[in-house]
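>>> structural data only, the sequence is not supplied:
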């Protein structure tokens, strides 16, 4: 992109202190955008505005977005990335295990999108990207709660597209597969090998590869893509 065509945007990334979220924050910073990272710790990569925020709490989200607006202007790009897991087989999964994951992964994405859309509608421009998962469509034993949230984000993005697509706002889902993060680093070598054997690319993905897909969807040239699910999974799920 030429320097003259670059437009600096106000970007909000939830779960932006580690893993995929951190890579996304760093990618937008490198492109020259103003970036705020929301998360429980309030930590953020250098150059970003770190804001402590529990995305399961609407009041905290409202306060966080108010901070963003004061520092960077209204949010123009939202990457709803915050997520937790409470993995266990369904017969052992408690109501709390199920509800907590829904509150953060799905409820948090909904609450952030609702808050962000207000200013996007006024500006008649906006990009909303949800971090889904290959598990949302592919399924995974022991992840009924997590898979339900990631699948549901597709319905959220597509419904949003029909609601606000005429106002220059897009809503999409990036669905990562097995990505090298702190979480996967703790897995035994034999488990990693088993995953790799099932992935056509024969390797785990990099968080920067997910960030690249998100950055593309957030850009000017992706204005005609909305309601889409973009797999970044080495061919594991192929968007299935």
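Sure, I can see it. No experiment lies behind these values; they were computed from the predicted model shown.
>>> not counting sequence-adjacent ones, nearest residue to residue 124?
Using CB to CB, 6 or more residues apart in numbering and skipping the chain neighbours, the partner closest in space to residue 124 is residue 168 (4.7 Å). All C-beta atoms are positioned from the backbone trio N, CA, C, and that covers glycine.
>>> contacts for the helix or strand containing residue 100 next, please.
In this structure, residue 100 sits in helix 95-101 according to DSSP states H and E. Contact with helix 95-101 is made by 84-86, 88, 144-146, 149, as judged by CB atoms under 8 Å, 6 or more residues apart in numbering.
>>> going on from it, what's the next piece of helix or strand?
helix 108-123.
>>> state the mean pLDDT of the helix or strand harbouring residue 23.
Secondary structure from DSSP H and E places residue 23 in helix 19-31. Per-residue pLDDT over helix 19-31 has a mean of 97.
>>> helices or strands up against that helix?
strand 10-14, strand 34-39, strand 77-80, helix 207-217 (3 or more CB pairs under 8 Å, 6 or more residues apart in numbering; DSSP states H and E).
>>> what do you get if the cut-off is 6 Å, keeping everything else the same?
Helix 19-31 sits against strand 10-14, strand 34-39, helix 207-217, with contacts defined as 3 or more CB pairs under 6 Å, 6 or more residues apart in numbering; DSSP states H and E.
>>> quick one, the second one and helix 19-31 angle?
Angular relation of strand 34-39 and helix 19-31 on a 0 to 180 degree scale: 170 degrees, by axes from the mean of the first three to the mean of the last three CA atoms, to 10 degrees.
>>> can you list the strands that strand 34-39 pairs with?
According to DSSP bridges, strand 34-39 forms sheet pairs with strand 10-14 (parallel), strand 49-52 (parallel).
>>> next, the angle helix 207-217 makes with the longest one.
Right, the one you point to is strand 10-14. Strand 10-14 and helix 207-217 are oriented at 140 degrees to each other (the same axes, to 10 degrees).
>>> what angle separates strand 10-14 from helix 108-123?
Going by the same axes, to 10 degrees, strand 10-14 makes 170 degrees with helix 108-123.
>>> burial measure for residue 235, as a count.
Residues within reach of residue 235, counting by other CB atoms under 10 Å, total 13.
>>> over to residue 89?
Around residue 89 there are 10 residues (other CB under 10 Å).
>>> same question, residue 24
Here the number of neighbours of residue 24 (other CB under 10 Å) works out to 32.
>>> from residue 200, how far out is the nearest residue in space to it that is not next to it in sequence?
Of all residues not flanking residue 24 in the chain, residue 211 sits nearest, at 4.6 Å (CB to CB, 6+ apart). To residue 200, residue 211 is 21 Å away according to CB to CB, to the nearest Å.
>>> and those two? Which one has more around it.
Between residue 211 and residue 200, counted using other CB under 10 Å, the more crowded position is residue 211 (24 against 10).
>>> how much space between residue 162 and residue 121?
From residue 162 to residue 121 the distance is 14 Å (CB to CB).
>>> er, residue 104 actually
Counting by CB to CB - residue 104 and residue 121 are separated by 26 Å.
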